[in-house]
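Undergrad: Pasting the sequence and the predicted model now:
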Amino acid sequence: MDYEEILDKGMKDLPKGVKKTERFEIPKVKGHVEGNKTIITNFNQITNTLRREPEHLLKFLLRELATPGGMEDTRLVLGRKISSTQINEKIEAYAKTFVLCKSCGKPDTHLYKEENKQMMKCTACGERSTISAKI
């Protein structure tokens, strides 16, 4: 057998239906509604996964969801009833803007300020980009 035949046989023998998983997955919010408040119990887990300060994500969520809120111990308390779907969408929007590299799409970034501009530097590809969104 030549190389091409061996390669074709190997490709056919690969298992089918193998699910590809991403290295970076944002945890879905866990919590409950208590009266007219929404309580998120895994907020610290989410901020640790994103590798961002809890205050930064908190400020973004409060602005995007147009609600009062704050931290109580390790829980996030939002001042009105909000569906977990809506909160998850806002966290994904935060990740696209403030976490994922615009060039390579990897989460290996950190934020810093340069000349009154918020910048993001990717440690995977070296890309430096300006973040235009304000918090």
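TA: Received, thanks. Here the structure is a predicted model, which means the values were calculated and not measured.
Undergrad: From H110, how far off is V77?
TA: 28 Å (CB to CB, to the nearest Å). All C-beta atoms are positioned from the backbone trio N, CA, C, and that covers glycine.
Undergrad: Which of those two has more residues huddled nearby?
TA: Neighbour count, other CB atoms under 10 Å: between V77 and H110, V77 has more, with 17 against 12.
Undergrad: That one against G70, yeah?
TA: Yes. In this structure, V77 is within contact of G70 by CB atoms under 8 Å, at 6.2 Å.
Undergrad: the longest helix in this protein is where?
TA: helix 84-98 (DSSP state H).
Undergrad: Let me know the average pLDDT across it.
TA: Averaged over helix 84-98, pLDDT sits at 94.
Undergrad: Dump it to CSV, restricted to CA.
TA: This file holds the C-alpha atoms of helix 84-98, laid out as CSV (Å, rounded to 0.1, in the frame of the first residue of the first chain):
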residue,chain,number,x,y,z
SER,A,84,-31.2,33.5,33.0
THR,A,85,-31.2,33.5,29.2
GLN,A,86,-31.0,37.2,29.2
ILE,A,87,-28.2,37.3,31.7
ASN,A,88,-26.3,34.6,29.8
GLU,A,89,-26.6,36.6,26.6
LYS,A,90,-25.2,39.7,28.3
ILE,A,91,-22.3,37.7,29.7
GLU,A,92,-21.5,36.3,26.2
ALA,A,93,-21.6,39.9,24.9
TYR,A,94,-19.1,40.9,27.6
ALA,A,95,-16.8,38.0,26.7
LYS,A,96,-16.8,39.0,23.0
THR,A,97,-16.0,42.6,23.8
PHE,A,98,-13.7,42.3,26.8
